[in-house]
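>>> below are the sequence and a predicted model; questions follow.
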Amino acid sequence: MNDAAKHDIQLILDLPGPLRLDSGASLDRVRIAYQTYGTLNADKTNAILICHALTGDQHVASDHPVTGKKGWWSNMVGPGLPIDTDRYFVICQNVLGGCQGTTGPSDINPETGLPYGLDFPVITIADMVRAQVAALDVMGIDKLFAVIGGSMGGMQTLEWAASYPERVHAVVPIATAARHTAQNIAFHEVGRQAIKADPNWAGGNYYARKEKPTSGLAVARMTAHITYLSEQALQDKFGRNFQDRDAASFSFEADFQVESYLRHQGITFVDRFDANAYLYITRAMDYFDLARDRGCALAEVFQNTPVRFCLVSFTSDWLFPTSQAKELVRALNSVAAHVSFVEIESSRGHDAFLLDEPEMFDTVRGFLRGAEPTLKGA
Amino acid sequence: MVDTLRSDLKVIADFITPGARLLDIGCGDGALLAYLRDTAQVDGRGMELSQVGVNACVTKGLTVIQGDADLDLKDYPTDAFDYVILSQTLQATRNPKEVLQQLLRISNHVVVSFPNFGNWKVRLALLFKGRMPVTKSLDQPWYSTPNIHFCTIRDFIALCHELGAKIEQGVSLNAANHIRPINGSLAHANWMGEQAIFLLSRGNGAARKQD
């Protein structure tokens, strides 16, 4: 089977038992949708888990089945690329609560035979990671060479290092933080309110209805998208340029390119994303606080950690600024952890981690190659 | 890589016990760290101000963070390392005295190298040309040099005394990279040496707790 055909197939696995959640609830019959790239070696030491961000999915390096677009990190993951699928067996799972095949609020609740909607339990980043671990158990992979992710995916890499240090050799948290800030939570709340204010949301029970809460979800996406860029990125890309016109229309049409762009982002997003999943996943990010969850200082979370860290931040990322990466670096240094850290000069804001950033590619490639001998020596 | 290691870095490497835990501050492209990892199995970490430098290090598989000696040393716990190296960086810090104090807190063995402002070329340049000297070790004009706190070998020794640090070893390198121990003839070292390298340990007064 050629690679393209292989990735047309949705890989699905079922977790054998109920999944215990931080809220105290548990979920039965959890299903994980995933993709893999490359080949697992005989001693199973070359597996890398990639954790996707809020609106990402398992299609990290292959065409998306709905949009037909290239994988979201196809510049990072592939043969000869920094996360080299000729060397590593790359796994990417859709997160718990997601809407690309893994169990989430749009799936059927086995107890009622109807979609969960708001009956789906509130989940956390730790719950997402617990589901990933359970799925890897099913796949027979005891230890990962690396866990890599940006933004919410970066939170998962930190959760991996904190909770499963014996099951991961190295982590690469990119454009992320040890906790969500008040500002981060505030923006998420605006997005959630936009969804809930859409009459088609119908208290979350919209799955059987013809109209979905697409306008609310689109506004949520538009708001969030601004936070992924920087002022300069918006200015460079759009300035005050008009869209398909030479002068103001004196109406509320999308006169400006930036308006047109955001509307496009909103409209295309609703085709591939579920509004309730957006509520649940943003909530999980809001709850993330690595140290407070454990009732200790951040440094103590990583006391005696054997995990190797490589943190990456971007100068213009104001959603997960460098200061937050440095807080992690300080904590890791104070417990003498193996931590590398690079702040990359970029004007493209938080989204830089998804874009063509050669310094990031070099860093990730170098760090992974450098971590290989330390695994063999372990 | 081993063949191209700078002479001053080779001297520093000779100070280090194999297998030691070590922090190299201002580690540049990681040449010394990589050399010590490959030849002396040290457990090395680095700190470097420039992004280009950090990336070069990480690409070599070294554990290096982007950081500033003036600001970020306080984040390391006391006695975190067997050795701390500050190579050709002291003169570029805003507060060299405080940096040295921090180094002696982080580790009981501190290696410091710096360009010697007491070198005869420097002295003669000032005396005869009346201009700030530009030499091999100090290769930029006054307005663009990152080196803002010059000192001579005598100045450095005086600061060590002030801090209560003990000088375990000292060598000078002349223009031809000839290595000379700094012991009896301090005047000679301070006149001939283009660079100086010292291994310090905490004397009685240097084991100050972090403020």
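Yes, it's here.

>>> could you use CA atoms for every contact and neighbour count after this?
OK.

>>> any chance of the backbone angles for the residue with the largest distance to the centre of chain B?
Residue distances from the centre of chain B (Cα atoms, centre = their mean) peak at residue B:128, which lies 29.5 Å from the mean C-alpha position. Listed backbone geometry of residue B:128 is phi -90, psi -40, with angles given as degrees, to the nearest 10.

>>> could you tell me the per-residue confidence at it?
According to the predicted model, the pLDDT of residue B:128 comes to 94.

>>> OK, contacts around the closest residue to chain B within the stretch 151-300 of chain A?
As assessed by Cα to the nearest Cα, chain B sits closest to residue A:299 within the stretch 151-300 of chain A, at 11.1 Å. If a contact means Cα atoms under 8 Å, 6 or more residues apart in numbering or on different chains, then residue A:299 has A:328, A:330-332, A:334-335 as its contacts.

>>> low-confidence ranges in chain B?
Across chain B, the stretches falling below the confidence threshold (pLDDT under 70) are B:1-4, B:204-211.

>>> who in chain A is up against chain B?
A:329-330, A:333-336, A:338-344, A:359, A:362-371 (Cα under 8 Å from any Cα of the partner chain).

>>> and those residues, which of them are in strands?
Among the residues of chain A next to chain B, the residues falling in strands (DSSP state E) are A:338-344.

>>> turn these into a markdown table, columns for neighbour count and pLDDT.
Formatted as a markdown table, these follow (neighbours: other Cα atoms under 10 Å in any protein chain shown; pLDDT from 0 to 100):
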| residue | neighbour count | pLDDT |
| --- | --- | --- |
| A:338 | 22 | 93 |
| A:339 | 25 | 96 |
| A:340 | 29 | 96 |
| A:341 | 28 | 95 |
| A:342 | 29 | 93 |
| A:343 | 25 | 92 |
| A:344 | 23 | 93 |
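
>>> now the two most distant members of the residues you listed.
When these are compared pair by pair using Cα to Cα, the two farthest from each other are A:338 and A:344, 19.7 Å apart.

>>> what's the spacing between residue B:31 and residue B:46?
11 Å (Cα to Cα, to the nearest Å).

>>> between the two, tell me which one has more neighbours.
Set side by side, residue B:31 and residue B:46 give different neighbour counts by other Cα atoms under 10 Å in any protein chain shown, the larger being at residue B:46 (28 against 19).

>>> give the contact list for the more buried one.
With contacts taken as Cα under 8 Å, 6+ apart, residue B:46 has the following neighbours: B:23-27, B:30, B:33, B:62-65.

>>> same check, this time on residue B:61
Applying Cα under 8 Å, 6+ apart, the residues contacting residue B:61 are A:366-371.

>>> show me where chain B has its strands.
Along chain B, the segments classed as strands by DSSP E run B:21-25, B:43-48, B:63-66, B:83-87, B:109-115, B:165-173, B:179-181, B:195-202.

>>> winner for burial among these?
Scoring the strands of chain B by mean neighbour count under mean count of other Cα atoms under 10 Å in any protein chain shown gives strand B:63-66 as the most buried, with a mean of 28.

>>> and the residue in the stretch 1-150 of chain A that chain B sits nearest to, how many neighbours does it have?
Among the residues of the stretch 1-150 of chain A, residue A:82 lies closest to chain B, at 11.0 Å counting by Cα to the nearest Cα. By the criterion of other Cα under 10 Å, residue A:82 has 21 neighbours.

>>> go ahead and confirm it touches residue A:367.
No - taking contact to mean Cα atoms under 8 Å, the distance of 9.6 Å between residue A:82 and residue A:367 leaves them out of contact.

>>> overlap in contacts of the two?
By Cα under 8 Å, 6+ apart, residue A:82 and residue A:367 have no common neighbours.

>>> middle-most residue in chain A, spatially?
Nearest residue to the geometric centre of chain A (Cα atoms, centre = their mean): residue A:53, 1.5 Å.

>>> give me every residue that touches it.
Counting by Cα under 8 Å, 6+ apart, residue A:53 makes contact with A:149-154.

>>> residues near residue A:80, how many?
In terms of burial, residue A:80 registers 12 neighbours under the definition other Cα under 10 Å.

>>> sorry, that was for residue A:211
Here the count is done by other Cα under 10 Å, and residue A:211 has 11 residues near it.

>>> surely it meets residue A:200?
Yes - taking Cα under 8 Å as the definition, residue A:211 is a contact partner of residue A:200 at 6.2 Å.

>>> what's the distance between the residue of the stretch 1-150 of chain A closest to chain B and residue A:366?
For residue A:82, the distance to residue A:366 equals 8 Å [Cα to Cα].

>>> does the residue of the stretch 151-300 of chain A closest to chain B count as helix, strand or coil?
Each residue gets one of three states, and residue A:299 gets helix by DSSP: H, G, I helix; E, B strand; the rest coil.

>>> equivalent analysis for the one 5 residues further on, please.
State at residue A:304, reduced to three classes by three-state DSSP: coil.

>>> residues touching it, list them.
Taking Cα under 8 Å, 6+ apart as the definition of contact, the neighbours of residue A:304 are A:335-337.

>>> quick one: least confident of those?
Within the set of the contacts of residue A:304, pLDDT is lowest for residue A:336 (85).

>>> hmm, that one is touching residue B:80, no?
Yes - A contact is recorded between residue A:336 and residue B:80 when judged using Cα under 8 Å, the distance being 7.1 Å.

>>> neighbours of the closest residue to residue A:227 other than its chain neighbours, just the number please.
With Cα to Cα, 6 or more residues apart in numbering or on different chains as the measure, residue A:319 is the residue that lies nearest to residue A:227, at 6.3 Å, once sequence neighbours are left out. When counting by other Cα under 10 Å, one arrives at 23 neighbours for residue A:319.

>>> also residue A:140?
Under the criterion other Cα under 10 Å, the count of neighbours that residue A:140 has is 10.

>>> equivalent analysis for residue A:68, please.
Other residues within reach of residue A:68 by the criterion other Cα under 10 Å amount to 9.

>>> what about it, is that helix, strand or coil?
Local secondary structure at residue A:68 is given as coil here, using three-state DSSP.
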